[in-house]
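Peer 1: model the structure of this input:
(chains A and B, ligands or ions: 2)
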Number of protein chains: 2
Amino acid sequence: MDTGRKLKVALLGCGSVGSEVARMMTTHAEDLAARIGAPVELVGVAVRRAGRPRPGIPEELLTTDATALVKRGDLDIVIELIGGIEPARTLITTAFEHGASVVTGNKALLAEDGPGLYAAAAQHGADLYYEAAVAGAIPLVRPLRESLAGDRVERVLGIVNGTTNFILDKMDTSGAGYADALDEATALGYAEADPTADVEGFDAAAKAAILAGLAFHTRVGLDDVHREGITEVTAADLASAQRMGCTVKLLAICERSADGASVTARVHPAMIPLSHPLASVRGAYNAVFVKAAAAGQLMFYGAGAGGAPTASAVLGDLVAVARHRLGESNGPGESAYARLRVAPMGDVVTRYHISLDVADKPGVLAHVATVFARHDVSIDTVRQQGKDGEASLVVVTHRAPDSALQAVVAELRELDTVRDVASIMRVEGE
Amino acid sequence: MDTGRKLKVALLGCGSVGSEVARMMTTHAEDLAARIGAPVELVGVAVRRAGRPRPGIPEELLTTDATALVKRGDLDIVIELIGGIEPARTLITTAFEHGASVVTGNKALLAEDGPGLYAAAAQHGADLYYEAAVAGAIPLVRPLRESLAGDRVERVLGIVNGTTNFILDKMDTSGAGYADALDEATALGYAEADPTADVEGFDAAAKAAILAGLAFHTRVGLDDVHREGITEVTAADLASAQRMGCTVKLLAICERSADGASVTARVHPAMIPLSHPLASVRGAYNAVFVKAAAAGQLMFYGAGAGGAPTASAVLGDLVAVARHRLGESNGPGESAYARLRVAPMGDVVTRYHISLDVADKPGVLAHVATVFARHDVSIDTVRQQGKDGEASLVVVTHRAPDSALQAVVAELRELDTVRDVASIMRVEGE
Ligand SMILES: NC(=O)c1ccc[n+]([C@@H]2O[C@H](COP(=O)([O-])OP(=O)(O)OC[C@H]3O[C@@H](n4cnc5c(N)ncnc54)[C@H](OP(=O)(O)O)[C@@H]3O)[C@@H](O)[C@H]2O)c1
Ligand SMILES: NC(=O)c1ccc[n+]([C@@H]2O[C@H](COP(=O)([O-])OP(=O)(O)OC[C@H]3O[C@@H](n4cnc5c(N)ncnc54)[C@H](OP(=O)(O)O)[C@@H]3O)[C@@H](O)[C@H]2O)c1
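Peer 2: Ligands and ions are numbered 1, 2, ... in the order given. The predicted structure is shown next:
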């Protein structure tokens, strides 16, 4: 190990996360040096807007020319915290071409083009580390990539988006509707001005793609992930969940099929029983269950986002990558050897909670039950409620393929006696 | 990376964990090869007793001469799963001397002589990995050693011994006394024939020493850990805890002092509120909270012991160490640069729950309160209960140094009006 050296680090982006990384690199400089075995020096910080106050960042380090920074040629490590696809992708590949390793928190880019980034890293003998990309501070990438590397992961199930968890939590505890809960999340800074990436499930889907890839040693792209957001979740859904002893959470679920030959990845709101540990994950926290053949059930819990927590994950990666630079070695690269088939949502086996508005006359339940039977979906419980000539029917099914459940719903919509399919929600975590 | 190679592995010990490691090395051979980048071959298995049936282990691999096995000279990795201090220590150092890296689950040895083992590994350019030594399958060593390497850990608090958790859980739910609960644990295989290491807190203390060392980058030996077991915990303590909305758990707690200059490590039973996530950790499960300056509060949960879960951790280490062999690199070695002072138990600041049997006459409470005041320990709540001329007094204090609380207790024992100090228990997790 070459210990006379100083490692040169460039930071791309100095927003919520980047500014914390810069701060911690300064305040923890001695600790970092001791843990790495050599000092790390921040040699440049790229931002978009010049002339803004950047407390704690020496003026002379700032640049708006990120491309020139990554092309310096003397960098050991580039930390990418700009986000989005471009220019982040080009900057990262340019960093590899110029001999640097990369640490990033960019889940969108990893989900879009993980294989391309891994290939560029491998081609140049560099590291690509991204603990911060999934579940902020929670060590999840490293446990999947390394701790469970000798085991066989069967399922990953978790809450990986704090914004939607905050909104659903609010709806659950206050009875508020979706729009009001979103407004509150925005006012409190838990949701961005444009909340689309969070509330439509894109952010969680990107994380699901990354987690599934790591868990199953198989490439899983964003398009492989079935995605439903929370914008259609109603106060009535939450109330109905409560009556069942459940709450509603936006879950990311990656599963290996029973025969081991295929995998699925999906993000959607689901009812989970209050007794499930995920039900008590509050506010902007994240929690992820991993089930592996030998290890059994593991749970990881912590702050899923925020400048400082995410920076903690970035700095952990920085230490690992810096150690590799000194030792002229590399951490694990892409592991996609298993090449399992990524099956469509229709293959997923799960349970459904369906609310129907029906005509309040005899024989309706028989009609409805016949539809379920025709598609081999067996019914667990039915609850009937009459109100002024109208009635509502709540059906909870046993486990069945999603395709069968979708066929049931389509046929129910056609029934004369069914006025409306008021809500459809999967039931998980049992 | 040399990819034409086969990596040679020797297994020392083929008991609960070792037999599972051997089994998984066979059944997962292809996966392991793909994840490592080269096949791993089991070339020898050392046991104590010859001639026992060892299902799945080829006869010709077995030997009772562990020393000869580690001296072969062609080994890449030695997996030590014998346990105890000797011959494990000599076998591990001999393995290093003969050029192998080592994976072990031996917490007793690591707590006894971690620095010696690390030094031997470093001297021979080898790896020493031990994820299995703390909390079985739960990735905890790697997150502390690597994921949080850029952060500053402030506290580690957890349930790290499944046997005692099972016993306390039993006492809590059934009202059983310690002896009966221990009998049940033994009958069900949760406690060993000689349960001393578990019930006296030695096992948890070894883990606390390892965790504190990793968390604070400071050497913490077994003697530095304040240790109290669960043998004195009574059904009355559990009942008293329940009245307070608490339960009793054996906790391992490693803390950095507020000024950052010293650390403490301790293992003792403590009351924790039922609302704390650790309160609901049932049976033989383990759970550990880690609080770090930037990351905030993290929790790790899973199976803390058992053959297969522990083997999962061993194989994760095997993959990492094998990858280093191929890449001619090393993972992190000992990190003890911080050299913080390990402070005694008296310096720990915590809360106390004290039950006193007192004379049922006026002025007793005043006497008792005076003693607390004299040592600057402020009282949170007092509950008085009279029964037939006797009375009991339950005092819960605010946070105070353990030394002050001990002085209070010593003085209470001397009071004429205090018949007995029936129980003393710390209150944690608030
Ligand atoms: N925030 C979190 O809690 C969190 C958690 C996990 C992962 N992440 C990931 O971390 C990354 C950064 O997130 P963030 O919340 O820190 O974002 P942010 O606050 O929006 O900061 C983005 C930074 O990138 C800079 N930037 C934008 N375009 C640039 C360009 N073309 N060239 C140079 N600099 C440019 C911005 O410059 P200006 O300062 O001049 O605008 C800003 O400093 C994203 O990939 C995100 O997904 C964030
Ligand atoms: N069990 C768990 O759940 C667990 C969890 C975490 C960590 N660990 C750690 O893992 C290690 C192994 O635990 P374990 O439960 O698997 O122990 P175990 O079931 O008692 O097995 C010990 C093995 O070591 C062999 N052995 C004993 N002395 C030997 C010697 N002098 N030379 C060669 N072989 C010898 C025994 O041989 P025979 O088969 O001939 O008796 C047996 O195969 C310990 O350090 C333990 O603390 C265990």
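Peer 1: so who does the residue lying closest to A:Gly363 once chain neighbours are set aside touch?
Peer 2: With sequence-adjacent residues excluded and distances taken as C-beta to C-beta, 6 or more residues apart in numbering or on different chains, A:Gly363 is closest to A:Thr417, at 7.6 Å. (Each C-beta comes from the backbone N, C-alpha and C, glycine too.) Contact partners of A:Thr417, counting by C-beta atoms under 8 Å, 6 or more residues apart in numbering or on different chains, are A:Val358, A:Ala359, A:Lys361, A:Gly363, A:Val364, A:His367, A:Val368.
Peer 1: which of those residues has the weakest pLDDT?
Peer 2: When the contacts of A:Thr417 are compared on pLDDT, A:Lys361 comes out lowest, with 82.
Peer 1: how far away is that one from A:Val382?
Peer 2: 16 Å (C-beta to C-beta, to the nearest Å).
Peer 1: in JSON lines: the contacts of A:Thr417, plus distance to ligand 2.
Peer 2: Shown next, in JSON lines, are the contacts of A:Thr417 (distance: C-beta to the nearest ligand atom, whole Å):
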{"residue": "A:Val358", "distance to ligand 2": "55"}
{"residue": "A:Ala359", "distance to ligand 2": "60"}
{"residue": "A:Lys361", "distance to ligand 2": "62"}
{"residue": "A:Gly363", "distance to ligand 2": "59"}
{"residue": "A:Val364", "distance to ligand 2": "56"}
{"residue": "A:His367", "distance to ligand 2": "55"}
{"residue": "A:Val368", "distance to ligand 2": "51"}
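Peer 1: determine which two of those are furthest apart.
Peer 2: Pairwise distances among the contacts of A:Thr417 were taken by C-beta to C-beta; the largest, 12.4 Å, belongs to A:Lys361 and A:Val368.
Peer 1: out of these two, which sits in the more crowded spot?
Peer 2: Per other C-beta atoms under 10 Å in any protein chain shown, whichever of A:Lys361 and A:Val368 has more neighbours is A:Val368, with 23 against 9.
Peer 1: and that one, how far is that from chain B?
Peer 2: 39 Å (C-beta to the nearest C-beta, to the nearest Å).
Peer 1: and that residue, that's in a strand?
Peer 2: No - looking at A:Val368 with DSSP: H, G, I helix; E, B strand; the rest coil, it is helix, so not inside a strand.
Peer 1: touching, A:Ala181 and A:Asn165? I think so.
Peer 2: No - between A:Ala181 and A:Asn165 there is no contact under C-beta atoms under 8 Å: 11.1 Å.
Peer 1: how about A:Asp198, nearest residue that isn't a chain neighbour?
Peer 2: A:Thr163 (3.9 Å).
Peer 1: residue contacts, A:Leu188?
Peer 2: Here A:Leu188 is in contact with A:Phe166 (criterion: C-beta under 8 Å, 6+ apart).
Peer 1: thinking again about what came up before, show the pLDDT at the residue nearest to A:Asp198.
Peer 2: Value for A:Thr163, per-residue pLDDT: 96.
Peer 1: for it, what are phi and psi?
Peer 2: Phi and psi for A:Thr163, reported as degrees, to the nearest 10, are phi -60, psi -50.
Peer 1: that one against A:Gly201, yeah?
Peer 2: No - using C-beta under 8 Å, A:Thr163 is not in contact with A:Gly201; the gap is 10.8 Å.
Peer 1: which strand or helix spans the closest residue in space to A:Thr90 that isn't next to it in sequence?
Peer 2: Distances taken as C-beta to C-beta, 6+ apart put A:Thr67 closest to A:Thr90, at 7.8 Å, once the chain neighbours are dropped. A:Thr67 belongs to helix A:66-70 when assigned by DSSP states H and E.
Peer 1: so which bits of the stretch 151-300 of chain A are right by chain B?
Peer 2: A:151-152, A:217, A:277, A:292-300 (C-beta under 8 Å from any C-beta of the partner chain).
Peer 1: am I right that A:Ala95 sits in a helix?
Peer 2: Yes - according to three-state DSSP, the state of A:Ala95 is that of a helix.
Peer 1: how much space between it and ligand 2?
Peer 2: Here A:Ala95 is placed at a distance of 41 Å from ligand 2 (C-beta to the nearest ligand atom, to the nearest Å).
Peer 1: contacting residues around that residue?
Peer 2: A:Ala10, A:Val70, A:Leu75, A:Val78, A:Glu80, A:Val102.
Peer 1: again, 10 Å this time
Peer 2: By C-beta atoms under 10 Å, 6 or more residues apart in numbering or on different chains, the residues touching A:Ala95 are A:10, A:12, A:66, A:69-72, A:75, A:77-80, A:101-102, A:104, A:120-121, A:124, A:126.
Peer 1: out of these, which sit inside strands?
Peer 2: A:Ala10, A:Leu12, A:Ile77, A:Val78, A:Ile79, A:Glu80, A:Ser101, A:Val102, A:Thr104 (DSSP state E).
Peer 1: low pLDDT regions in chain A?
Peer 2: Scanning chain A for pLDDT under 70 picks out A:1-3, A:387-388.
Peer 1: can you give me the helices in it?
Peer 2: A:16-27, A:29-36, A:66-70, A:88-97, A:107-123, A:141-142, A:162-174, A:178-187, A:196-199, A:202-216, A:235-243, A:307-327, A:364-374, A:402-414 (DSSP state H).
Peer 1: and the residue of chain A positioned farthest from its centre, its phi and psi?
Peer 2: Note on chain A: the largest C-alpha distance from the chain mean falls to A:Pro362, namely 46.1 Å (C-alpha atoms, centre = their mean). In terms of degrees, to the nearest 10, the main-chain angles of A:Pro362 are phi -60, psi 150.
Peer 1: next one: A:Gly51
Peer 2: Here A:Gly51 shows phi and psi, under degrees, to the nearest 10, equal to phi 80, psi 0.
Peer 1: what is the neighbour count of it?
Peer 2: A:Gly51: 8 neighbours (other C-beta under 10 Å).
Peer 1: residue in the stretch 51-200 of chain A nearest to ligand 2?
Peer 2: Closest residue of the stretch 51-200 of chain A to ligand 2, C-beta to the nearest ligand atom: A:Ser147 (14.3 Å).
Peer 1: what residues are up against that residue?
Peer 2: Counted by C-beta under 10 Å, 6+ apart, A:Ser147 has contacts A:139, A:290, A:292, A:295, A:298, B:131, B:137-143, B:146, B:312-313, B:315-317, B:319-320.
Peer 1: with adjacent residues omitted, what lies nearest to it?
Peer 2: B:Pro139 (3.7 Å).
Peer 1: how about A:Ala359?
Peer 2: A:Thr417 (4.8 Å).
Peer 1: go on, A:Ile354?
Peer 2: In space, and not counting its chain neighbours, A:Ile354 is closest to A:Val395: 4.8 Å by C-beta to C-beta, 6+ apart.
Peer 1: map the structural domains onto the sequence of chain A.
Peer 2: A:7-136+A:307-327, A:141-304, A:347-427 (automatic domain parsing).
Peer 1: how many neighbours does the residue nearest to A:Ile354 have?
Peer 2: Neighbourhood size, A:Val395 [other C-beta under 10 Å]: 22.
Peer 1: any idea how far A:Pro87 is from whatever residue of the stretch 251-400 of chain A ends up closest to ligand 1?
Peer 2: Nearest residue of the stretch 251-400 of chain A to ligand 1, counting by C-beta to the nearest ligand atom: A:Ala305, 3.3 Å away. For A:Ala305, the distance to A:Pro87 equals 23 Å [C-beta to C-beta].
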